[in-house]
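**Q** how would this look folded up:
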Amino acid sequence: MRSAAPILRACAACAFIPALSGCVSPLIQASTMGDTKKVLALLNKGSDIEMRPITGCRMYARAPGAWAGMETPLICATVNGRYETVKALLDRGANVNARDFVQSTALMYSAMLGHMDIVELLLSRGADEDLKNKEGLTALQIARQKGFYAIAELFQKEKARGRVAVHRPAPSQEAAPAPDKEEMRRMMEEAARKAVQAISPPKPAQAEAAGPAAAVSDVDRPAYSLPENPANYALVIGVEKYETLPKADFAERDAVAVKEHLLALGYPQRNIVFLTGMQANYTNIKKYVETWLPARVREDSTVFVFFSGHGAPDPRTGQAYLVPFSGDPEFLEDTAYPMKRLYAKLGALKAGRVLLAMDSCFSGAGGRSVLAKGIRPLVAKVDSWGDPGGKIVMLSASDGSQISGTIEEQGHGAFTYYLLKGLNGAAADKAGTVTIRSLYDYLAPKVEDAARLKNRDQTPQLVPSDIRGPGLRLR
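**A** The predicted model follows:
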């Protein structure tokens, strides 16, 4: 019979050997995969919610074979973006501040990987922002280092509000015990380091880190507050840092600010899906548009969908696509979400009204648009929206031949900035009412003027263009 040492060594170092049942427990496996029902069933049978396997969980679906060590089920669920599993573990008493082999917490991993929704959840459950990992970095510093400026700003807002973290007593196994053999300890630490490097974006330049993170806008906080309407739902997507594509500057900040305004407009927190970073992938966009929304909205619902990030045209057909985190303009049909499909799915909802706002462009000529290498911009061929028809009302940042730009001093896309400024009252009539029509009439010339200052054209679009009426009131 083979000794245990070679098995452990293989688990820590090999990128091709799958999880071995003797190394990784069923609870760790279920937490890693996001199987919440199985997690709860195992806990009901007495599984230790703070268990720590020697070889670690198989973290990071995008870095097969990346193993660390001493992760709790909560950490395993967090690093794989399993929001519902994280919530279930916290509800059952998981230690929110537990550390792994390299002294990282779930909050640090969620900040490192761009899991904005999990960051918010962990903070609400008392995650300590001041803890430091083995390298002496807090979650805030990690978020800044990895370029997740919206998450960094969230930490800063929490501190400004004076929120005090709720510290739970650490269980006896809180301090991760050292492996029996020094060689095993060294191998596991090295495996963890390589795992983080494998999935982490390159460290931004110092000037870049200081720029977007430091921007403060007068539209970030709503200047109004409406009663909550439990019938309303929203999907907010902001893709700033792409897996392989250039950045869409300030897209995450756009999404964060839009979410704040939706809360002020009365959209319940529980009814808003917020996707940024790696969470803004094709699968999640499809899941929430095509399954989550249809299962929840009703006839009296208003649905608000916001996208900030890159768009792309198909060079063969001129059809437009929204580009998710791992989108590839050379394989749009396989990696990006088509606008025509978005119209069809939103138009089929039971909702009484669907509002679609997009701070993106589809010319392929730059700004918030991308194009396959070697292809010239298809400005005359792009059918970026057509007429979505039916119950859908769309506001977009520009027409199909233009570039959507930003306002650097405000830290937002120009379209998003004036959209939110209008909601904050600039588009209101004497009675303080803001409608879709009044909002568009306000923001369109403002965006055009901002673009002309940079010697370019950008004309926001309202579809249908002749829409009017008190039934289109926003606030």
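
**Q** contacts, neighbours, all on C-alpha from now
**A** Noted.

**Q** How about the contacts made by Leu137?
**A** The neighbours of Leu137, taking CA atoms under 8 Å, 6 or more residues apart in numbering as the test, are Leu131.

**Q** can you confirm it is in a strand?
**A** No - counting by DSSP: H, G, I helix; E, B strand; the rest coil, Leu137 falls outside a strand, being coil.

**Q** Check it and give its pLDDT.
**A** Looking at Leu137, its pLDDT stands at 91.

**Q** do the same with Pro222
**A** On the pLDDT scale, Pro222 gets 92.

**Q** Work out for me the element it sits within.
**A** Counting by DSSP states H and E, there is no helix or strand that carries Pro222.

**Q** Can you tell me, leaving aside adjacent residues, what's nearest to it?
**A** His261 (5.6 Å; CA to CA, 6 or more residues apart in numbering).

**Q** List the residues that contact the one you found.
**A** By CA under 8 Å, 6+ apart, His261 lies in contact with 221-222, 420.

**Q** which is the next helix or strand following the helix or strand it falls within?
**A** Element membership for His261, per DSSP H and E: helix 251-264. Where DSSP H and E defines the elements, the next helix or strand beyond helix 251-264 is strand 272-276.

**Q** the strands in the chain, which residues?
**A** All strands of the chain, identified by DSSP state E, fall at 233-238, 272-276, 302-308, 311-313, 320-322, 337-338, 353-359, 392-396, 406-407, 412-413, 461-463.

**Q** Look up how far Ala234 lies from Ser301.
**A** 10 Å (CA to CA, to the nearest Å).

**Q** of these two, who's got more company?
**A** Between Ser301 and Ala234, counted using other CA atoms under 10 Å, Ala234 has the larger neighbour count: 27 against 19.

**Q** Hmm, Val273 and the more buried one touching each other?
**A** Yes - between Ala234 and Val273 a contact is recorded at 6.3 Å, counting by CA atoms under 8 Å.

**Q** what about the stretch 251-400 of the chain, any weak spots by pLDDT?
**A** 363-389, 400 (pLDDT under 70).

**Q** And the contacts of stretch 74-82?
**A** By CA under 8 Å, 6+ apart, stretch 74-82 touches 28, 31-34, 57-61, 83, 85-86, 89-90, 94-96, 100, 105-106, 109-110, 113, 115, 118, 279.

**Q** are any of the residues you listed buried, and which?
**A** Taking 16 or more other CA atoms under 10 Å as the criterion, what is buried in the contacts of stretch 74-82 is 28, 31-34, 57-60, 83, 85-86, 89-90, 94-96, 100, 105-106, 109-110, 113, 115, 118, 279.

**Q** Sort out which residues of stretch 145-156 are buried, please.
**A** In stretch 145-156, counting by 16+ other CA under 10 Å, buried: 145-155.

**Q** Also stretch 117-126?
**A** Using 16+ other CA under 10 Å as the test for burial, stretch 117-126 gives 117-123, 125-126.

**Q** same question, stretch 275-286
**A** Applying 16+ other CA under 10 Å to stretch 275-286 flags 275-282, 285-286 as buried.

**Q** Columns distance to Ala255 on top of those, output as TSV?
**A** Shown next, in TSV, are the buried residues of stretch 275-286 (distance: CA to CA, whole Å):
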residue	distance to Ala255
Leu275	8
Thr276	8
Gly277	11
Met278	14
Gln279	13
Ala280	11
Asn281	15
Tyr282	17
Ile285	14
Lys286	18
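
**Q** what's the most distant pair in those?
**A** Gly277 and Lys286 (15.8 Å; CA to CA).

**Q** one step back: tell me the one among the buried residues of stretch 275-286 nearest to Arg475.
**A** Leu275 (24.7 Å).

**Q** Mind listing the residues bridging to the residue nearest to the closest one when sequence neighbours are not counted?
**A** Of all residues not flanking Leu275 in the chain, Ile237 sits nearest, at 4.8 Å (CA to CA, 6+ apart). Residues in a beta bridge with Ile237, per DSSP bridges, are Leu275, Phe307.

**Q** change the start of the numbering to 38 and stick with it
**A** Sure, I'll start numbering at 38, so the last one becomes Ile274.

**Q** Quick one, grab the pLDDT at Ile274.
**A** Ile274 is given a pLDDT of 96.

**Q** show me what contacts it?
**A** Contacts of Ile274 were listed using CA under 8 Å, 6+ apart, and they are 292, 311-313, 317, 343-345.

**Q** Name the nearest of those relative to Val484.
**A** Nearest to Val484, judged by CA to CA, of those is Ser345 at 15.7 Å.

**Q** The closest one contacts Ala292, correct?
**A** Yes - with contact defined as CA under 8 Å, Ser345 counts as touching Ala292 (6.8 Å).

**Q** Please enumerate the shared neighbours of the two.
**A** 274-275.

**Q** tell me the domain ranges of the protein?
**A** With domains defined by automatic domain parsing, the chain comprises 47-236, 252-509.

**Q** Pull out the buried positions in stretch 374-392.
**A** Using 16+ other CA under 10 Å as the test for burial, stretch 374-392 gives 374-377, 379-380, 382-384, 386-388, 390-392.

**Q** quick one: low-confidence parts of the stretch 138-287 of the chain?
**A** For the stretch 138-287 of the chain, the stretches flagged by pLDDT under 70 are 197-252.

**Q** Would you state the helices of it in chain order?
**A** Here the stretch 138-287 of the chain has its helices, by DSSP state H, counting those that start in this stretch, at 143-150, 153-161, 176-183, 186-197, 219-236, 243-251.

**Q** In contact with the residue nearest to the spatial centre of the chain, which residues?
**A** Of all residues in the chain, the one closest to the mean position by CA atoms, centre = their mean is Thr313, 1.6 Å from it. Neighbour list for Thr313: 151-153, 274-277, 289, 292 [criterion: CA under 8 Å, 6+ apart].

**Q** what about it, distance to Lys483?
**A** Thr313 is 27 Å from Lys483, where distance means CA to CA.

**Q** got the contact list for the residue nearest to Leu480 when sequence neighbours are not counted?
**A** Leaving aside its sequence neighbours, Leu480 sits nearest to Tyr455 (CA to CA, 6+ apart; 5.3 Å). Neighbouring residues of Tyr455 by CA under 8 Å, 6+ apart: 479-480, 483-484.

**Q** Helices - which of those residues land there?
**A** Secondary structure of the contacts of Tyr455 is defined by DSSP state H; positions in helices are 479-480, 483-484.

**Q** Give me the mean pLDDT for stretch 478-498.
**A** 91.

**Q** And that stretch, end to end?
**A** End-to-end distance (CA to CA), stretch 478-498: 10 Å.

**Q** what sits up against that stretch?
**A** The contact list for stretch 478-498, computed with CA under 8 Å, 6+ apart, reads 431-436, 439-442, 444, 451-452, 455-456, 459, 463-464.

**Q** Also stretch 331-344?
**A** Contacts of stretch 331-344 (CA under 8 Å, 6+ apart): 268-275, 292, 295, 386-397.

**Q** which of the residues in that stretch are buried?
**A** By neighbour count on 16+ other CA under 10 Å, the buried set for stretch 331-344 is 331, 334-335, 338-344.
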